[in-house]
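Asks: Have a look; sequence and predicted model below, questions after that.
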Amino acid sequence: MAYLFRSEDMQYVHITMQRDKAEYFTKRIGELGLIHVVNLSDETSLKSEYMKDYKKRIVLASQNEKRLDEVEKQMLSFDIEVPHVAPRELKINRACDAEFEATWGPLEKELKINMLTVKSLRNTIAKLTEEIHVLIECRDRININEEVMELKRSRPSGDMKTPLLTTGSNPDIELQAYAEEQKFYKYICGVIPLAQQVFFTRMLYRLSRGNAFVRYLDIDEMITDPESGQPVRKSVFYIVSIGRGLSSKLAKLCDFFQASIYTVPESKQGKDSRIGEIEGAISERKSVLRTSEIRIRKLLRKVAGGEGKSCMLLDWRLTLKREKLLCGTLMKTRRYLTMIRLDGWVPKDQVDMIKEEVERFDRSGQSGSIAIDDNYNIDDPAFRKAHGDPPTYFKTNEFTGVYQGIVNTYGVPKYKEVNPGLFTIATFPFIFGVMYGDMGHGGALFLVSIYFLYYEKSFIEQEKRGEMSEIMKYAFGARYALVLMGFFAFYCGSIYNDFISVPFQTFDSMWHLPSNNATEYELNDNFVVYPYGVDYNWYHRKNELTFFNSLKMKMSVVLGVTQMLFGITLGAFNYTYFGDRLSLYFVWIPQMLFMTCTFGYMCFMIIFKWTQDYSNSEPPALIQTMIKMFLSPGVIETPLYDGQGPVQVVLLLVAVATVPIMLLVKPIIQHKRDSQDEHLLAEGQAIENKSSALGDDPEIYPDLGDDEKKVFDEEKEHEEEEDHHSLGAELIHSSIHTIEFVLGAVSNTASYLRLWALSLAHAQLAKVFWQKLIIEYGAETEGGMGVIMIIATYAAWFCATFAVLMCMDLLECFLHALRLHWVEFQNKFYGAEGYLFEPFDFAKAEKDE
C-alpha cells in the first residue's frame, strides 16, 4: 500500500482540436475517463453564442429527463418494472433533442392520449359507482319524511342561535306548521371520503345553525380515486335542511370537502330505472377501459424492452446524461477562430493512452485535426502560480476507499502531501477497538461484517433493485471498516479479558484466598504474572473499578501521546519532500522536543512505574509529579528513579526554550528572505521596463488579445500585492500556530482520555445488563417462575444489549474515533488544502448516479 503514502504523479496536458471534430473527440475523452478538465472559460466567453448553445442543450436534456421520469412513473403504476439491463448509448446522427423528439415524441404523444382516456374513464366509472350506492341507499334505507320530522324535533331554541323557522312548543301547532313548511325542506345526497366526516359534520352545523343535519352510511367496498388511482374508503351521506337559500350554501360546502352530490329520483321506479341505466354504462366503459389499458401496456412494454432487448427508457436516460456531461465539459474549453483548446490534468502513467488515442484519430484520416502537448514542468513555481496545484489522486479499491473516504470527509490531501488514509487503515479500527473492547460484542460485529462480505454480490444486487433500507445501506457500505473494527474490538476485549462482562479463566490466577473465611486475596507463592491480558480475579471485586480506572486511563494517555508523536514525525516527511528546511529545523524539531520533554516524559514514567515492584513501598503519584515539574522544578517528594529532579529541570528548560524558537525564528528568517527576493525582483522589473521602452516584445503575451493582456496585467499586479507580507503579519501567523500547538498538546492529550471513559462506560453498561437482568432477575429467581423469568429476562437483556451497546454505543465510539483522527492526529502534519482528481468520465458519473 505504499502507493497511498503520497498521491499519484500528475501531468498537465494541452489539447487543441478543430471545431468540427471537438465534440466527437471530447466524447471519446469522456469514455476513457482520464482527464481532469480545467475550466478555461471566463465571464466574457460564457456570454458568447456557442456557450449559450451548450446551455440550451443542457436545459433541453434536463427537460427530456423529466419526461422520461413521467413515463417511468406510469410504468410503475401499471406494475411494469424497469428491467435491470446494461443501458447502451444511442448513436445519434443529428442534434440530441431533435433525435429525442423524433424517436420519443410520437410514442409519448400516443401514450398521453391513452392515459387521458383512461383517466377520464376511471373518473366516470368512479362517479357512476358512487351514484349507484347513493341510489341503493336512498331506495332501501332512507326515509326522507321521517328524517324531516327528526329534524323538527331536534332543532335547538332559546338563544340567539335559534333557527329562524322556530314555531313554539305546541305539538299540534308544530305539525300544522310542518305541513305548511313541507314545501321548503330540501335534501342532498352524495358520497364523501370517510376521513372528512368529522370536519364536514362540524362545519355543516355551524353553517346551518341547526337547520340541517347529516347522516352517513358506509360503503362496504373501496372506491378508486380517479386522481391518485388508489382505493379510498368512502360513505354515502344525506343532508336534510329547511330553508330556501341554505341548499346552495350546502352545495358549496360539499364541494369544499370533496363530496360528490347526485340527483336522486323521488319514486322507487325511477331509482330502479336509473340504477339499470348506470349498470349498463359502467359495463360499456369498463370494456373501453380494458382496451385502453391493453394499448397502454403495449406501449410501456415497448419502452421497457423484452428479454434480450435493450430498454429504450434506460438507453435514452444514458444518452441524455452523457449529453449534459459533454456540454458541461465543452463549456470549460476556450474557443478560438477555428480551434478549441481543452486543458486538464492526467495521471502521468496514463498520458500515453491519451497520445495513443490522438494517433488513432490521425490514422483514421483526420490527420492534424487533434494535437496534444504535455511538455510542462509542473514543479516549476511559475507554472504552479499560473495553473495552480495539481489535483490529488489515489488508486484505491473497495477496501482502502472506505478509509480514504474518512480522511477526505475532513479534507483532501494537498498534492504529494503525506496521506493520513494509509495509517487510518490500522489506527482507526484500533482506536475504536480500545473504546469498544469486548470479545462478545466485537466478535458479533466481526461476524456480521464477514456475512456482508461473503454475500456481497447478493447485497449489491439488492441495493441496485432499490430493495435495501437506508440504515442497511449505511451498514453495508461500511462493511470493510466494520470487519477491522470488529476484529480490533475482539482483540482489545481479549486484552481486557472481557466477554460481555464475564471474564475467561484461561490461565491460572496469580491471586488466591488464604482461607475459606478470608475476604482479601493474596499473591501466590512463586507466582507467575498472568500470561495474557488481565487476571480474571480482578473482576467482580470491590476494587475492580479502581484498578481498571488506573489501567485504562494510563493506557489512553500512552496511546494518545504515541499517536500524536507519530503525527509530528510525519510532518518531517512533508517538510523534507517540499524542501521546506526552514520549517523542518525551526518548527518540526522544536515541536518534537516540546512534546517529548513534556508528555513523552510522562509516558516514560507510566511505563517505568509499571515495571517496578511497590509491594513494600509507597508508589509515586504521577499526576502530582507532573504538576510539581512545572510549578516546583527539581522538587521530588517520592522519587521514581535516581536523579529524577535534575532530569526534570533539564526537560522543562528544553520545553520552555522551544516556544520562542517556534514563535520567532522562522518568521524573522522568512521575512529577510522575502525582502531579498523583492529587491532582486525590483531590479529585474527595472531592466524589463527599460527594454520594453525600446519596443514591445510580442513574445511577452503569446496568443493573447488586447483584452486578455489587460486582464493578465491586472492579475499579475494583484498577485504581487498578495505576495508582500510584513514582518508583523508573519509574526501574528506564527504566534497563532505556536499557541495552538502548545495549548493543543495539553488539550489533545486530555482528549485521548475519552478512550478510557468510553471503554469504562461500555464495560459498566454490559455489567449492569448482565448482572441485573440475567443474574439477579433471572437466574436467582426461585420456584416455578424461575424458567419464565429466565426466558423473559434473556429477551430483555438481548434487546437492551443490541439497542444500547451494539447500535448506540457502536455509533458513539465510531464518532469519537473520527474526532481523534481528524483533530488530535491529523492537525500535527495534515494541511488538507488539496482537491480531488475528478476526471471527465461517463462511466463514473453514471455509477455515482
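Replies: Arrived safely, thanks for sending.
Asks: which residues sit in contact with the residue nearest the centre of the chain?
Replies: For the chain, residue 474 is the residue whose C-alpha lies nearest the centre (C-alpha atoms, centre = their mean; 9.0 Å). For residue 474, the contact set (C-beta atoms under 8 Å, 6 or more residues apart in numbering) is empty. The way it works is simple: take the backbone N, C-alpha and C, and place the C-beta from them, glycine included.
Asks: and it, how far is that from residue 482?
Replies: 11 Å (C-beta to C-beta, to the nearest Å).
Asks: Quick one: residues in contact with stretch 730-747.
Replies: With contact meaning C-beta under 8 Å, 6+ apart, stretch 730-747 is reached by 564, 591, 594-595, 598-599, 659, 662-664, 666-667, 670-671, 827.
Asks: Taking those together, which two end up most distant?
Replies: 599 and 671 (31.9 Å; C-beta to C-beta).
Asks: So which of these two has more stuff around it?
Replies: residue 599 (22 against 17; other C-beta atoms under 10 Å).
Asks: how many neighbours does the residue nearest to the more buried one when sequence neighbours are not counted have?
Replies: Take residue 599 and drop its neighbours on the chain: the residue closest to it by C-beta to C-beta, 6 or more residues apart in numbering is residue 561, 4.8 Å away. For residue 561, the neighbour count with other C-beta under 10 Å is 24.
Asks: What helix or strand is residue 561 located in?
Replies: helix 544-577 (DSSP states H and E).
Asks: neighbours around residue 513, how many?
Replies: Residue 513 has 12 neighbours, counted by other C-beta under 10 Å.
Asks: Please tell me I have it right and it contacts residue 524.
Replies: No. Between residue 513 and residue 524 there is no contact under C-beta atoms under 8 Å: 10.9 Å.
Asks: follow-up on the earlier one: just the buried ones out of the contacts of stretch 730-747, please.
Replies: Taking 16 or more other C-beta atoms under 10 Å as the criterion, what is buried in the contacts of stretch 730-747 is 564, 591, 594-595, 598-599, 662-663, 666-667, 670-671, 827.
Asks: Where does pLDDT dip in the stretch 251-400 of the chain?
Replies: Applying pLDDT under 70 to the stretch 251-400 of the chain picks out residues 306-308, 365-368.
Asks: which residues in it form strands?
Replies: 260-262, 334-335, 339-347, 370-373 (DSSP state E, counting those that start in this stretch).
Asks: Could you say which of these is packed most deeply?
Replies: strand 339-347 (a mean of 21; mean count of other C-beta atoms under 10 Å).
Asks: before we move on, the earlier item: the residue nearest to residue 599 and residue 555, how far apart?
Replies: Shown here: residue 561 relative to residue 555, a distance of 11 Å by C-beta to C-beta.
Asks: try residue 454
Replies: 34 Å.
Asks: Between these two, which has more neighbouring residues?
Replies: Higher neighbour count among residue 454 and residue 555: residue 555, with 19 against 10, using other C-beta under 10 Å.
Asks: from what I can see that one touches residue 752, true?
Replies: No. Assessed by C-beta under 8 Å, residue 555 is found out of contact with residue 752, at 9.9 Å.
Asks: and the strands of the stretch 251-400 of the chain as a markdown table, adding distance to residue 42?
Replies: Compiled in a markdown table, those are given as follows (distance: least, C-beta to C-beta, whole Å):
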| stretch | distance to residue 42 |
| --- | --- |
| strand 260-262 | 61 |
| strand 334-335 | 9 |
| strand 339-347 | 13 |
| strand 370-373 | 22 |
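Asks: right, and those - which one's nearest residue 637?
Replies: Per C-beta to C-beta, nearest to residue 637 of the strands of the stretch 251-400 of the chain: strand 339-347, 62.1 Å.
Asks: Check what contacts that closest one and list those residues.
Replies: For strand 339-347, contacts defined as C-beta under 8 Å, 6+ apart pick out 8-19, 22, 26, 29, 34-38, 40, 329-330, 332-335, 354, 374, 390-391, 393, 837, 840.
Asks: Please, where are all the helices along the stretch 551-700 of the chain?
Replies: Ranges of helices in the stretch 551-700 of the chain, per DSSP state H, counting those that start in this stretch, are 581-583, 589-595, 601-610, 622-631, 644-660, 666-694.
Asks: hmm, back to that, the helix holding residue 561 vs helix 622-631, what angle?
Replies: Helix 544-577 runs at 50 degrees relative to helix 622-631, counting by axes from the mean of the first three to the mean of the last three C-alpha atoms, to 10 degrees.
Asks: how many degrees apart are helix 544-577 and helix 601-610 in direction?
Replies: 140 degrees.
Asks: Next, the contact list for residue 833, please.
Replies: Residue 833 touches 411, 414, counting by C-beta under 8 Å, 6+ apart.
Asks: Out of the contacts of strand 339-347, list just those in helices.
Replies: 19, 22, 26, 29, 329-330, 354 (DSSP state H).
Asks: List only buried entries from those residues.
Replies: So, by 16+ other C-beta under 10 Å, the buried ones in those are 22, 26, 29, 329-330, 354.
Asks: Just flag the most distant two among those residues.
Replies: Taking C-beta to C-beta as the measure, these span a maximum distance of 17.4 Å, between 330 and 354.
Asks: now residue 19: how far from residue 334?
Replies: Applying C-beta to C-beta to residue 19 and residue 334 gives a distance of 12 Å.
Asks: before we move on, the earlier item: thinking the residue nearest to residue 599 is in contact with residue 605, fair?
Replies: No. Between residue 561 and residue 605 there is no contact under C-beta under 8 Å: 11.6 Å.
Asks: Go through the helix or strand harbouring residue 64 and flag the buried ones.
Replies: Using DSSP H and E, residue 64 sits within helix 49-77. Across helix 49-77, burial judged by 16+ other C-beta under 10 Å covers 51, 54, 57-58, 60-61, 64, 68, 71-72, 74-75.
Asks: Looking at those residues, which one is closest to residue 626?
Replies: Nearest to residue 626 among the buried residues of helix 49-77, with distances taken as C-beta to C-beta, is residue 58, at 63.6 Å.
Asks: Let me know whether the closest one touches residue 327 as I believe.
Replies: Yes. Judged on C-beta under 8 Å, residue 58 makes contact with residue 327 at a distance of 5.0 Å.
Asks: need the contact list for residue 485.
Replies: 428-429, 432-433, 436, 445, 449, 814.
Asks: for the stretch 151-300 of the chain, what spans make up the helices?
Replies: 171-181, 197-208, 246-256, 268-304.
Asks: Out of the ones you listed, flag the one nearest residue 804.
Replies: Minimum separation from residue 804 across the helices of the stretch 151-300 of the chain (C-beta to C-beta) falls at helix 197-208, 41.6 Å.
Asks: got any ranges where the stretch 1-150 of the chain has weak pLDDT?
Replies: 1-2, 44, 46, 91-94, 143-150.
Asks: do that again at 80, thanks
Replies: In the predicted model of the stretch 1-150 of the chain, residues 1-3, 42-50, 82-97, 141-150 satisfy pLDDT under 80.
Asks: if I look at the closest residue to residue 408 other than its chain neighbours, how far off is residue 86?
Replies: Counting by C-beta to C-beta, 6+ apart, residue 408 lies nearest to residue 836, which is 7.0 Å off, once chain neighbours are set aside. If you measure residue 836 against residue 86 using C-beta to C-beta, the figure is 27 Å.
Asks: With neighbour numbers in mind, choose between these two.
Replies: Shown here are residue 836 and residue 86; by other C-beta under 10 Å, residue 836 has more neighbours (13 against 8).
Asks: which residues sit in contact with that one?
Replies: Neighbouring residues of residue 836 by C-beta under 8 Å, 6+ apart: 391-393, 408, 412.
Asks: Just send those back as CSV, with neighbour count too.
Replies: Below are the contacts of residue 836 laid out as CSV (neighbours: other C-beta atoms under 10 Å):
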residue, neighbour count
391, 21
392, 22
393, 20
408, 18
412, 21
